[in-house]
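**Student:** Need a 3D model of the sequence below.
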Amino acid sequence: MTEPLSKDLFSFLGKPIRNERKHEIGKIVSFIVSPNGHIDAVLVNHADGEFVYYPSKQLNITNDSIVLLAEVKLRANSLCEDIPLVWRKGEVLNGLLKDEKILPEIYESLHQEFDATLNKLKASAQDVIAEIDTQIADCDERFKKLHSAKTHLEIESEIGEIDEGSYKKSLEIILDGLKIVIAEKNDLEAVKTRLSSLLLGEEPLGTVETAEPVAEETASPQEASTESPPSEPSITVRLK
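**Tutor:** Numbering: from 1, shown residues only. Now for the predicted structure:
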């Protein structure tokens, strides 16, 4: 369980909050503080002027920065903890009945309660997987759009409509965007795999971690020079 944030967070007032890819989301401008002094949420002013409250459980303080964790990953981590726990309790309950250590009527009551809880958690896991599928499809679409933009940039550069300096700067931005999309998709697929394993009855080994970008880069001999634009990350886009 995530511990409540302490008053140390007050030192971040006016400072940026970033996502897991280290991109700034906005700046912290206020808090919701419980009577016992725990910070329940922070108010963030986004770059577009919107104000949004984020619960403290979605925040992670690392060194001198605050990172906003993905909500879908938090839900998945919670399920990865809760589902095996309920399973284990059910196994213990069965063992107690077999060893005649509890009354049959107590067993039936708890067995029904555990089953109902487990079914509810499994339904939540299915909902999270469906949400992940939607986000993965969004990553694929964003990847395609960035590749389309890169293609048009290449064409206009080849026919001399764009100067070399502008071309390289724009290409570098697009390639960085492609790497971000790849990393996001890797994260989502890791979470989905974990939850799918849970639903198949496989015991999880821990919480879902953020995957590091694993995009491979392939450079041609011409791209090897320092004056050449950065190489392009590769990805296999599986559209449904």
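**Student:** Which of the helices and strands in the protein ranks last by mean pLDDT?
**Tutor:** strand 216-218 (a mean of 38; mean pLDDT, DSSP states H and E).
**Student:** Could you list the low-pLDDT ranges of this protein?
**Tutor:** 1-7, 202-240 (pLDDT under 70).
**Student:** Give me the helices and strands touching the longest strand anywhere in the chain, please.
**Tutor:** In the chain, assigned by DSSP state E, the strand with the most residues is strand 24-33. In terms of contacts (3 or more C-beta pairs under 8 Å, 6 or more residues apart in numbering; DSSP states H and E), strand 24-33 is packed against strand 16-19, strand 39-46, strand 51-55. Quick note: C-beta positions are derived from backbone N, CA and C, even for glycine.
**Student:** Next secondary structure element downstream of the longest helix seen in the chain?
**Tutor:** In the chain, assigned by DSSP state H, the helix with the most residues is helix 104-158. Downstream of helix 104-158, the first helix or strand assigned by DSSP states H and E is helix 164-199.
**Student:** and that next one, what other elements does it pack with?
**Tutor:** Checking 3+ C-beta pairs under 8 Å, 6+ apart, helix 164-199 ends up next to helix 71-98, helix 104-158, strand 232-234.
**Student:** With distance to Ser30 and mean neighbour count added, can I get these in CSV?
**Tutor:** Formatted as CSV, the helices and strands packed on helix 164-199 follow (distance: least, C-beta to C-beta, whole Å; neighbours: other C-beta atoms under 10 Å):
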stretch, distance to Ser30, mean neighbour count
helix 71-98, 21, 16
helix 104-158, 29, 15
strand 232-234, 39, 17
